[in-house]
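Asks: Model the following, please.
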Amino acid sequence: MSKTRTIREIDHAISAHARWKMRLRTALANGEERLDAVTIGRDDQCAFGQWLHGSDLDPAARASAEYSEVVRLHAEFHASAGCVIVAIDDDRRDLAGDIMLGEFVVRSDRLLQALHMWKAKLRAEKPVAAAEPWPGQSDRRIADVA
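Replies: Sure thing, here's the model as predicted:
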């Protein structure tokens, strides 16, 4: 997977993240939307989580510290979101609000920060150029000599 596609996936995740925050706020405010706490609590059910845990991601990106941090924070974000939904389903809106304003906000902000840092690192990396011949090296290939 190209660096450009990875950056695009991170951008999609940032947008989706904002939409999920709004959905949770709406569910807390009016309780009209029914959300599945088990599914929301899992980090491999959303499109970004499927991409993170899927096989399309470049092995070098997967080996990075930024990837590991995003995976960890993404799982924490989903765990908190699931707790908010459980509290709403149990008609404990006060608890859901406390979670939303406490651990959920902290985890959400940390995830967003990690996503932005990962994207910045990817943008700062120089593309791998074709190998240049060292001084005095012939441009001829071994096959040309044989």
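
Asks: Tell me the secondary structure at the nearest residue to Lys121 once chain neighbours are set aside.
Replies: Sequence neighbours aside, Glu66 is the residue nearest to Lys121 in space, at 5.7 Å (criterion: CB to CB, 6 or more residues apart in numbering). Yep, even glycine has a C-beta here, placed from its N, CA and C like the rest. The three-state assignment at Glu66 reads helix, by DSSP: H, G, I helix; E, B strand; the rest coil.

Asks: these two touch, right, Glu66 and Ala114?
Replies: Yes - the criterion here is CB atoms under 8 Å, and Glu66 meets it with Ala114 at 6.9 Å.

Asks: Compare neighbour counts for those two and give me the winner.
Replies: In this comparison of Glu66 against Ala114, neighbours counted by other CB atoms under 10 Å, the higher total goes to Ala114 at 20 against 17.

Asks: Give me the phi and psi for the more buried one.
Replies: Comment: the main-chain dihedrals of Ala114 come out as phi -70, psi -40, following degrees, to the nearest 10.

Asks: Neighbours of the spatially closest residue to Lys3 that is not a sequence neighbour, how many?
Replies: Closest residue to Lys3 apart from its sequence neighbours, by CB to CB, 6+ apart: Leu122 at 5.2 Å. The local packing count at Leu122 equals 16, with neighbours defined by other CB under 10 Å.
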